[in-house]
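Asker: Sequence plus the predicted model coming up.
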Amino acid sequence: MTAITTTKLTSSSKNEADTVSTTTTMTKDNDSKAKDNPILMGKNNPLLSSWSSESFNLPPFSEIQPSHFEPAFTIAMETHISDLKAIACNNEPPTFDNVMKAYDTAGRSLSRIASVYGNYCSSLNTDDMQAVQRTMSPILARHRSKAYTLEGLFDKIKAVHESDMGSLTAEQIRLVERVYTDFVRAGAALSKEDAKEYSDISAKLAELTTEFMQNVMKDEEKYELVLTKEELEGCPDGLVAAAKTAATERNVKLPTDTNEPHVKKQKVDESKEQQEELYVITLSRSLVEPFLVYSTRRDLREKAWRAWTDRGSRKLFPKERDNIDVGTDILKLRKRQAELHGARTFAEWQCTDRMAKTPENVMKLTQDVWSRAIKAADFEKTSMEEYIREYGSDIDKALLPENGGQIEPWDWRHYAEKVRIAKYDFDESLLKPYLSLDSVTNAVMSVANKLYGLKYIKREDIHSFHPDVDVYEVRQNLPQEGNSEKDKLIAIFLHDNYARKFKSGGAWMSEYRTQTKNLPPGCDSIESVPIIANSNNFAKGEGGNTLLSFDDANTLFHEFGHGLHGTLSDCTYETLASTNVLTDWVELPSQLMEHWLEQPEVLKQYAKHYQTGDVVPSELLDKMKAAKAFNSGFDTVEYTSCALLDMILHNRESYNAEDGFDLSTFEEEELKKLGMPHGIVMRHRPSHFLHLFASSHYAAGYYVYQWAEVLDADVFAAFKEKGNIFDPELAKLAREKIYSSGNTVAPDQLFREFRGRDPDVQFMLKKKGLVREE
């Protein structure tokens, strides 16, 4: 999963605009407290003080406490409104400089506080921080609405938008167009009555999306499948070690008496020896997925699978929380938002500002892929059944249709791996020792160096918000001719790789500071240098040896690609910089980076055994390549079902029970209509579908990963056609058109400038093994 965090509270092009952004109407009680309380007034508050004493003006992480956010936001929101009022009340005729350029720099203090806040809500969301988040979400939402509807501000923006822009640069014209569009989509053009309703809806949505996200996080924090060594039968050493580390970190003890479903009951032996032999499978993907692959205990696989897929629902912890009701309320409010904009459905409204343009265009792509994927998945199921007939035990054979059984979702990964080994002689567990976290990190940084001339210098002396986070200087190699320096600083990179308590599941890229050249007078030039963060959730291995699956390694490359999008950004205006792009373009830089991981040139240099240092055998890589397409039907069905149901869900015209809608049964009903193969479920079920319900950024937009797959497969094909995956001319063009341009040019135009034509879907279909190579 990729959740990209914005720092610009008045930019609707990024997902955090819904969850961490907006409004400034504070009560009189809060105002009086601010006058009496020195902390509320900003004294001794690290979020409001200068950060110039910190390396590269990084946030003063060691000083920041959850209690600092609310008073800091109070003051920063007031300053932001003052900045915007200065634009709206300017008596000079509206121009690009006194409106658009000024708007781009408005609220810098608020932006930097919001960036820390957004990152803490994802990566260090302690109980105290969660309480702050619940308080601030509606307040920030109302601030966002107030900023967009501030009297006179939209009039100024509209005046510039309607003026003769012949003297402006292409980038300046793009800024005018995007700011105008953002304001319209945020409700600035609505009547006062409708704008008030829109603001109320935004505030309520902020509360609900926060509740949805925190419910999932709490389930992931609380659930533990506690096991003994014997109950990990079949699991490779790396998984056993990771489960042991998780048990140690959580101080796990055997549960004795519980009425909660999924929690395993055992008799307790309080001897030290037994307590030291406890292991735990959490709901971290890097633990639960390999357990589903390798565990020979079908009953425990089912227990783990049910807990994993029931996150956020009343089935996991019935007395505590249920996201189905929360999600339904979110859907109703989004529908009303769309109506206020004159759209029939939320999906229709969302698509108007995306490359896809309409829900029908999205459905055309996803349904085409779906029909191919279910055929591939049916073939894979047949292969598993054939394997069981030939090699399975009597217990295994009970799953065959002729014996009245069937392969269930907690069986699929297990038997797919057996078929992979039998058919291709490829056992992925033999690859993991060559994919240590250190090796894969070195590999991705080397790829960035060969393509774009970047060097990552680890700064052991700089500490971030958690000891697990590594901090790097990112430096750009400079041509030696005419330059006295060998390189220059272009970014700071924070790498946060391990799963832990109070950290959201999944993986994402975020920013503490966005690249810009439009700095206010007197501002330190270091403020133009972006601070980029990548967050993963890998299970920490014993003794500092964290071994990754190929999927984990792929995730690291994916998020690093997002990081490069921020690192290589070369835009004048922050509003257009970095990942502030259309949603169906934002996944291209990340997914493109994934291609380099599987290239022999990369693996043969960096995939080395974590103990012996031996290079990964060519024979193992050949087997991996041969087995690559196997189970792609499962993977594609798992994802595409989510994309289809997301669009179907958000393209409804009613979410009322009297019209037959029930989110708890919607999934089953729609999947039946689509012909979902038995044994596969949605990758993200409604109760924990954070892409849809933790913000609106990916709502009616989960298809964007597949849309971007069309683009990334086509772009990488250009490198393959050159016969050099590090071709310097193509790398330069990819940097200019994909990584550095931000939103300064329309994305369809950028693609044509790179490839010389529109995208061809065939490259993606071939990559997935959904068409035969000619």
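Answerer: Nice, I can see it. Numbering: from 1, shown residues only.
Asker: how near is Pro59 to Arg513?
Answerer: 9 Å (C-beta to C-beta, to the nearest Å). In short, each C-beta sits where N, CA and C put it, glycine included.
Asker: again with Ala72
Answerer: From Ala72 to Arg513 the distance is 16 Å (C-beta to C-beta).
Asker: dump the residue contacts of Ala718.
Answerer: Going by C-beta atoms under 8 Å, 6 or more residues apart in numbering, Ala718 touches 730, 754-755.
Asker: If you count neighbours, what's buried in the longest helix anywhere in the chain?
Answerer: Longest helix of the chain, by residue count under DSSP state H: helix 359-391. Buried residues in helix 359-391, counted by 16 or more other C-beta atoms under 10 Å: 359, 362-363, 365-366, 369-370, 372-374, 376-377, 380-381, 383-385, 387-388.
Asker: Quick check: the gap between Ala343 and Leu494.
Answerer: 39 Å.
Asker: actually Val176, sorry about that
Answerer: 33 Å.
Asker: who has more neighbours, those two?
Answerer: Counted by other C-beta atoms under 10 Å, Val176 and Leu494 do not tie: Leu494 has more neighbours, with 25 against 19.
Asker: measure the more buried one to Ser62 for me?
Answerer: Relative to Ser62, and taking C-beta to C-beta, Leu494 is found at 15 Å.
Asker: in the chain, which helix or strand is least confident?
Answerer: In the chain, the helix or strand scored least confidently by mean pLDDT, DSSP states H and E is helix 16-19, which has a mean of 31.
Asker: Determine the set of other helices and strands touching the helix or strand containing Asp635.
Answerer: If you go by DSSP states H and E, Asp635 is part of helix 632-650. Applying 3 or more C-beta pairs under 8 Å, 6 or more residues apart in numbering; DSSP states H and E, one finds that helix 632-650 makes contact with helix 323-340, helix 346-351, helix 359-391, helix 663-674, helix 690-693, helix 704-722.
Asker: could the ones you listed go into a markdown table alongside mean pLDDT and distance to Glu481?
Answerer: Shown next, in a markdown table, are the helices and strands packed on helix 632-650 (pLDDT from 0 to 100; distance: least, C-beta to C-beta, whole Å):
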| stretch | mean pLDDT | distance to Glu481 |
| --- | --- | --- |
| helix 323-340 | 97 | 55 |
| helix 346-351 | 98 | 49 |
| helix 359-391 | 96 | 47 |
| helix 663-674 | 96 | 60 |
| helix 690-693 | 96 | 47 |
| helix 704-722 | 97 | 26 |
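Asker: Now intersect the contacts of Ala718 with the helices, please.
Answerer: Per DSSP H, those map to helices at 730, 754-755.
Asker: among the residues you listed, which ones are buried?
Answerer: Here, 16+ other C-beta under 10 Å leaves 730, 754-755 buried among the ones in helices among the contacts of Ala718.
Asker: re earlier: quick one, the helix holding Asp635 and helix 663-674 angle?
Answerer: 120 degrees (axes from the mean of the first three to the mean of the last three C-alpha atoms, to 10 degrees).
Asker: Out of the helices and strands packed on helix 632-650, flag the one nearest Glu485.
Answerer: helix 704-722 (30.0 Å; C-beta to C-beta).
Asker: Run the angle between that closest one and helix 632-650 for me.
Answerer: Using the same axes, to 10 degrees: helix 704-722 against helix 632-650 is 140 degrees.
Asker: List of residues touching stretch 298-305?
Answerer: Residues contacting stretch 298-305 (C-beta under 8 Å, 6+ apart): 225, 227, 231, 262, 264, 281, 288, 291-292, 295, 395, 408-411, 414.
Asker: quick one: buried residues of it?
Answerer: Those would be 300-305, for stretch 298-305 by 16+ other C-beta under 10 Å.
Asker: Give the next helix or strand downstream of the strand or helix carrying Ser111.
Answerer: Using DSSP H and E, Ser111 maps to helix 108-123. Using DSSP H and E, the helix or strand that follows helix 108-123 in sequence is helix 127-148.
Asker: What lies in contact with the helix or strand following that following helix?
Answerer: Downstream of helix 127-148, the first helix or strand assigned by DSSP H and E is helix 153-161. Here helix 153-161 makes contact (C-beta under 8 Å, 6+ apart) with 84, 87-88, 90, 94-96, 99-100, 103, 147-148, 176-177, 179-180, 183, 188-189.
Asker: Same check on stretch 614-624?
Answerer: 424-426, 428, 430-431, 434, 550, 598, 600, 603-605, 607-609.
Asker: let's see it at 6 Å
Answerer: Identification of contacts with stretch 614-624 by C-beta atoms under 6 Å, 6 or more residues apart in numbering yields 424-426, 434, 603, 607-608.
Asker: do stretch 320-337 as well
Answerer: Residues outside stretch 320-337 that contact it (C-beta under 6 Å, 6+ apart): 201, 205, 208, 211-212, 215, 312, 314, 346, 655, 663-664, 686-687, 693.
Asker: again, but for stretch 48-60
Answerer: Contacts of stretch 48-60 (C-beta under 6 Å, 6+ apart): 42, 46, 72, 116, 462, 492, 526.
Asker: Show only the entries of the contacts of stretch 298-305 found in helices.
Answerer: Of the positions in the contacts of stretch 298-305, 288, 291-292, 395, 409-411, 414 sit in helices, assigned by DSSP H.
Asker: And the furthest pair within those?
Answerer: Spanning the widest gap among these are Val288 and Ile395, at 22.5 Å by C-beta to C-beta.
Asker: Show me what counts as buried in stretch 650-659.
Answerer: Using 16+ other C-beta under 10 Å as the test for burial, stretch 650-659 gives 650-651, 655.
Asker: Please apply the same query to stretch 525-540.
Answerer: Residues of stretch 525-540 classed as buried by neighbour count (16+ other C-beta under 10 Å): 526-540.
Asker: Scan this protein for its longest strand.
Answerer: If you go by DSSP state E, the chain has its longest strand at strand 487-498.
Asker: Mind putting the ones in helices among the contacts of Ala718 into a markdown table with distance to Thr555 and pLDDT?
Answerer: Listed next are those as a markdown table, based on distance: C-beta to C-beta, whole Å; pLDDT from 0 to 100:
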| residue | distance to Thr555 | pLDDT |
| --- | --- | --- |
| Leu730 | 25 | 98 |
| Phe754 | 25 | 98 |
| Arg755 | 26 | 97 |
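Asker: With distance to Asn483 as extra columns, can I get those residues in CSV?
Answerer: Listed next are those as CSV, based on distance: C-beta to C-beta, whole Å:
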residue, distance to Asn483
Leu730, 24
Phe754, 28
Arg755, 32
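Asker: I'd like to know which of the residues you listed is nearest to Asp127.
Answerer: Looking across the ones in helices among the contacts of Ala718 and measuring by C-beta to C-beta, the closest to Asp127 is Phe754, at 47.2 Å.
Asker: was I right about the closest one contacting Glu736?
Answerer: No - using C-beta atoms under 6 Å, Phe754 is not in contact with Glu736; the gap is 8.4 Å.
Asker: Which pLDDT value does the model give the residue nearest to Thr744 when sequence neighbours are not counted?
Answerer: Closest residue to Thr744 apart from its sequence neighbours, by C-beta to C-beta, 6 or more residues apart in numbering: Glu171 at 4.6 Å. Glu171 is assigned 98 on the pLDDT scale.
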